[in-house]
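Engineer: sequence first, then the predicted structure:
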Amino acid sequence: AQSVAQPEDQVNVAEGNPLTVKCTYSVSGNPYLFWYVQYPNRGLQFLLKYITGDNLVKGSYGFEAEFNKSQTSFHLKKPSALVSDSALYFCAVRDSSDMRFGAGTRLTVKP
Amino acid sequence: GAVVSQHPSRVICKSGTSVKIECRSLDFQATTMFWYRQFPKQSLMLMATSNEGSKATYEQGVEKDKFLINHASLTLSTLTVTSAHPEDSSFYICSARPGQGPDSASSYNSPLHFGNGTRLTVT
């Protein structure tokens, strides 16, 4: 079965600094990877996905993610963090007909 | 586009009563919808896959008689928590994916679109 792991429960960064939220994956075959963000008492919002093609994927709100096959990683990045980026971030992998989510990483951006 | 509406956003009910949560795809058809449960500070737990016109597929450990799912049309799936108990209090989220079917090429690569969730509190 496909799975993803998010090794960090919490990531803290200062506003204006670059941020990275880590994700590693385990799949058989080609990976279909996604990042979602969740704000308090809300459902998840799609940020970006990797299906095929360029390893650097650009998404919503200035986020991007780098697919690294050799390291089986799909880390989420942003060059300059905003306080409003503070939220819960989920990495996910397509598995059969549904999607499997990582445990989530809480990002806190401090002013 | 691809908006999923979930209602109600918040509900408080007494122990022993039933609660129905609706999930609608507003601008696309969804033959498959998914229901998740999220505990505080935890990830989403897939409860069941709702299939239009057929029975839902439940994940292991999820009681199908307690969590009744109906997917009567291509735009509506409902989750009914029957005889609710305080331990059923949680955040329930639905999602759907645009496409002609769960394994179609168009749906496989598409992201899931989520409702805003329902906070259920059973007193």
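Structural biologist: Everything's here; your move.

Engineer: residues from chain B in reach of chain A?
Structural biologist: For chain B, the residues in contact with chain A (C-beta under 8 Å from any C-beta of the partner chain) are B:4, B:6, B:9, B:32, B:34, B:41-44, B:46, B:49, B:91, B:93-95, B:102-103, B:108-109, B:111-117, B:119. For the C-beta atoms, the positions are set from N, CA and C on the backbone; glycine is no exception.

Engineer: out of the residues you listed, which sit inside strands?
Structural biologist: Judged by DSSP state E, the subset of the residues of chain B next to chain A located in strands is B:4, B:6, B:32, B:34, B:44, B:46, B:49, B:91, B:93-95, B:113-114, B:119.

Engineer: any idea which of those residues is closest to chain A?
Structural biologist: The shortest approach to chain A among those belongs to residue B:114, at 3.3 Å (C-beta to the nearest C-beta).

Engineer: identify the residue spatially nearest to the residue of chain A found nearest chain B, adjacent ones excluded.
Structural biologist: Residue nearest to chain B within chain A (C-beta to the nearest C-beta): residue A:43, separated by 3.3 Å. Excluding its sequence neighbours, the residue lying closest to residue A:43 (C-beta to C-beta, 6 or more residues apart in numbering or on different chains) is residue B:114, at 3.3 Å.

Engineer: repeat for residue B:31
Structural biologist: residue B:52 (4.7 Å).

Engineer: who does residue B:69 bridge with?
Structural biologist: For residue B:69, the beta-bridge assignment (DSSP bridges) gives partners residue B:79.

Engineer: that one is in contact with residue B:48, isn't it?
Structural biologist: Yes - counting by C-beta atoms under 8 Å, residue B:48 is a contact partner of residue B:69 at 5.5 Å.

Engineer: which neighbours do the two have in common?
Structural biologist: Contact criterion C-beta atoms under 8 Å, 6 or more residues apart in numbering or on different chains; residues shared by residue B:69 and residue B:48: B:35, B:56.

Engineer: ok, which pair from the ones in strands among the residues of chain B next to chain A is furthest apart?
Structural biologist: B:32 and B:119 (24.4 Å; C-beta to C-beta).

Engineer: the more surrounded of those two?
Structural biologist: Remark: of residue B:32 and residue B:119, residue B:32 carries more neighbours, 22 against 16, as counted by other C-beta atoms under 10 Å in any protein chain shown.
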